[in-house]
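Participant: following is a predicted model, sequence given first.
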Amino acid sequence: MGKELSATVKFDQLHRITCVWAAELSPTEVAVVSFIWWRTANWNKQYEVITAQQFLHGVRDTQTGKVRHAGLQISPRTLTRTLADLSKKGLVKRSYNKNTGTSTYGLDLTWSPDKMREPKNKKNPVNNGMKTPKRGGSQIGEGGVAKLARGGSQIGEQKSVLIKSVQEKSIRGSKPPQQQTGEEEISKSLAEASNRSATARERKKAAALKRESVRDLEYLWSAAVRKHHPDALLPVWNVKTCGMVKRFRDAWKAQGHGQLWPFLNFAIANWHRIGKLRFDWLTKPYPETPDVNFIIGFKKDFAAAKVDELFFERQVGASKADRKFEKFKRMGMTDEQAAARLENEGTGNKALQKANQRAAAAERDAQAAKAERKRAELQVDKMRAEQGRKILADERRAADEDLQRGAKTKNKKTVKRDKDGFAVFEG
């Protein structure tokens with residue numbers, strides 16, 4: 001633990017990184033430097049052991065599990081290249097411990113962008129210490145790009161230098177205009193790089209789907225959450241979560257369901273709709289973003305939602321309008337709203353007719369149920385009247401028996417029958 005820095009000094013350091021150094025560094029380099037600063041100088045440290053997992057996915061509190069510092073969300077290859085470039089520039093100091101296999105990082109807070117522009121060869125400052133390239137190469141000096149031989153290539157570190165070199169080629173015989181030619185070539189290069197990145201991502205995704213290990217599932221999970229929920233925070237799967245996912249994956253395959261990822265992808269893509277239709281009974285708030293622990297805990301509910309979706313999609317004879325109408329109903333819409341939505345798509349008339357037919361059938365069922373309840377009430381009244389008549393007959397029979405035996409009270413009252421047939425005692 002180094003000397004404790006005041007808030008003013010920390011603010012000055014952070015301002016230097018984000019406002020002064022950012023003019024000479026790439027956005028990725030600024031993010032990496034800021035991450036190292038938050039892990040070192042912010043905690044009054046000169047050096048700190050930082051793992052690649054922490055760089056990529058962030059740092060979590062070991063007690064509460066909350067994210068203390070979010071990750072950079074870049075690829076491991078980009079992280080390795082960026083750290084190497086910052087080490088060459090002298091901004092990041094890195095040391096590797098062979099015994100523990102960890103790397104320690106620190107920042108040279110006295111670093112200045114001018115250090116990168118200082119000539120290493122004082123005798124030839126224009127060449128900046130670079131060796132003269134062979135035939136067909138090029139050199140960069142204060143005058144920009146100078147072509148050395150016929151058939152050579154132009155290189156540069158900035159877009160303006162590249163545009164200038166392409167313009168020089170266009171002047172020598174390329175088709176005009178020069179400015180458009182340079183920009184087109186740069187756009188073409190950027191498009192090719194983007195296509196290569198997309199192809200690499202597709203290959204990595206295909207390999208992850210084939211293996212479906214826990215780390216592969218975490219990679220697929222992060223990609224799907226970023227696609228369907230761009231504003232969601234992606235927490236790192238800890239050891240407990242990885243163990244739960246592994247057991248769930250093994251049990252899922254043992255039950256004959258196949259791969260686990262289609263199920264997880266369905267839950268991510270339909271997260272809010274499933275919560276509205278299946279978890280309205282929860283007393284606690286439903287998670288706003290997909291949570292793998294929540295899915296595993298309520299896997300039966302999510303599996304039921306998946307079965308409902310597949311069952312309707314596979315119904316024999318179901319038309320496209322019917323499938324869409326039921327889909328909108330499962331999204332929480334009423335019959336009128338679903339029919340209006342389908343009407344905008346040109347298929348709402350038939351759906352509205354069927355909705356009216358279903359409403360009429362429901363009304364008929366309600367009337368039939370009401371008539372049945374009325375019949376049941378009449379039957380109950382009839383049973384009660386029959387029971388009353390039986391009780392009355394029993395009382396009359398008992399009075400007749402008392403009258404025949406000449407029953408009398410203690411006051412020698414005689415027993416007679418009134419006009420209704422009940423026994424009356426008289427003195």
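Facilitator: Now that the structure is in, tell me what you want to look at.
Participant: who's in contact with stretch 74-85?
Facilitator: 26, 28-29, 31-32, 52, 55-56, 72, 92, 94 (CB atoms under 8 Å, 6 or more residues apart in numbering). C-beta here means a position set from N, CA and C on the backbone, and glycine is covered the same way.
Participant: low-confidence ranges in the stretch 201-350 of the chain?
Facilitator: Low-confidence segments of the stretch 201-350 of the chain, defined by pLDDT under 70: 307-320, 323, 330-332, 346-350.
Participant: what segments of it are strands?
Facilitator: Assigned strands in the stretch 201-350 of the chain: none (criterion: DSSP state E, counting those that start in this stretch).
Participant: for residue 100, grab phi and psi.
Facilitator: phi -90, psi -20 (degrees, to the nearest 10).
Participant: out of the contacts of stretch 74-85, list just those in helices.
Facilitator: With helices taken from DSSP state H, the overlap with the contacts of stretch 74-85 comprises 28-29, 31-32, 52, 55-56.
Participant: quick one: buried residues of stretch 48-62?
Facilitator: 50, 54-60 (16 or more other CB atoms under 10 Å).
Participant: other residues contacting the helix or strand where residue 15 lies?
Facilitator: Residue 15 belongs to helix 7-15 when assigned by DSSP states H and E. Residues from elsewhere that reach helix 7-15 (CB under 8 Å, 6+ apart): 5, 34, 37, 41-42, 109.
Participant: which among the residues you listed end up buried?
Facilitator: Burial by neighbour count, 16+ other CB under 10 Å: within the contacts of helix 7-15 this picks out 34, 37, 41.
Participant: identify the residues contacting the residue lying closest to the first one once chain neighbours are set aside.
Facilitator: Read that as residue 34. With sequence-adjacent residues excluded and distances taken as CB to CB, 6 or more residues apart in numbering, residue 34 is closest to residue 17, at 5.8 Å. Residues in contact with residue 17 (CB under 8 Å, 6+ apart) are 30, 33-34, 37.
Participant: run the chain-centre distance for the longest helix along the chain.
Facilitator: The longest helix of the chain (DSSP H) is helix 348-404. How far helix 348-404 lies from its chain's middle: 55 Å, per CA atoms, centre = their mean, to the nearest Å.
Participant: all strands of the stretch 1-150 of the chain, in order?
Facilitator: Per DSSP E, counting those that start in this stretch, the stretch 1-150 of the chain has strands spanning 48-49, 58-60, 67-70, 92-97, 102-107, 138-141, 144-147. These are given in chain order.
Participant: follow-up on the earlier one: which parts of the helix holding residue 15 are buried?
Facilitator: Of the residues in helix 7-15, those buried by neighbour count under the rule 16+ other CB under 10 Å are residue 13.
Participant: what average pLDDT does stretch 65-77 get?
Facilitator: For stretch 65-77, mean pLDDT is 84.
Participant: what about it, how long is it end to end?
Facilitator: End-to-end distance for stretch 65-77: 27 Å, by CA to CA, to the nearest Å.
Participant: quick one: distance of it to the chain centre.
Facilitator: Distance of stretch 65-77 from its chain centroid, counting by CA atoms, centre = their mean, is 16 Å.
Participant: repeat for stretch 210-230
Facilitator: The answer for stretch 210-230 is 10 Å, by CA atoms, centre = their mean.
Participant: if we look at that stretch, which residues are touching it?
Facilitator: Outside stretch 210-230, the residues touching it (CB under 8 Å, 6+ apart) are 201, 204-205, 207-209, 232, 234, 237, 242, 245-246, 249, 259-261, 264-265, 268-269, 271, 289-290, 292.
Participant: go through it and flag the buried ones.
Facilitator: So, applying 16+ other CB under 10 Å, buried residues of stretch 210-230: 216-218, 220-225, 228-229.
Participant: biggest separation within those, which pair?
Facilitator: With CB to CB as the measure, no two of the buried residues of stretch 210-230 lie farther apart than 216 and 229, at 20.1 Å.
Participant: do you know how far residue 356 is from residue 240?
Facilitator: Per CB to CB, to the nearest Å, residue 356 is found 53 Å from residue 240.
Participant: which pLDDT value goes with residue 179?
Facilitator: pLDDT, residue 179: 46.
Participant: return the distance of residue 191 relative to residue 198.
Facilitator: Counting by CB to CB - residue 191 and residue 198 are separated by 10 Å.
Participant: and if you look at residue 402?
Facilitator: 105 Å.
Participant: more neighbours, these two?
Facilitator: Counted by other CB atoms under 10 Å, residue 402 and residue 198 do not tie: residue 402 has more neighbours, with 14 against 10.
Participant: which pLDDT value belongs to that one?
Facilitator: Looking at residue 402, its pLDDT stands at 78.
Participant: and residue 32, by the same measure?
Facilitator: Residue 32 carries a pLDDT value of 91.
Participant: ok, now how distant is the residue lying closest to it once chain neighbours are set aside from residue 394?
Facilitator: Leaving out its chain neighbours, the residue that sits closest to residue 32 by CB to CB, 6+ apart is residue 82, at 5.2 Å. According to CB to CB, residue 82 and residue 394 sit 101 Å apart.
Participant: higher neighbour count, these two?
Facilitator: Between residue 82 and residue 394, residue 82 has the larger neighbour count (other CB under 10 Å), namely 22 against 10.
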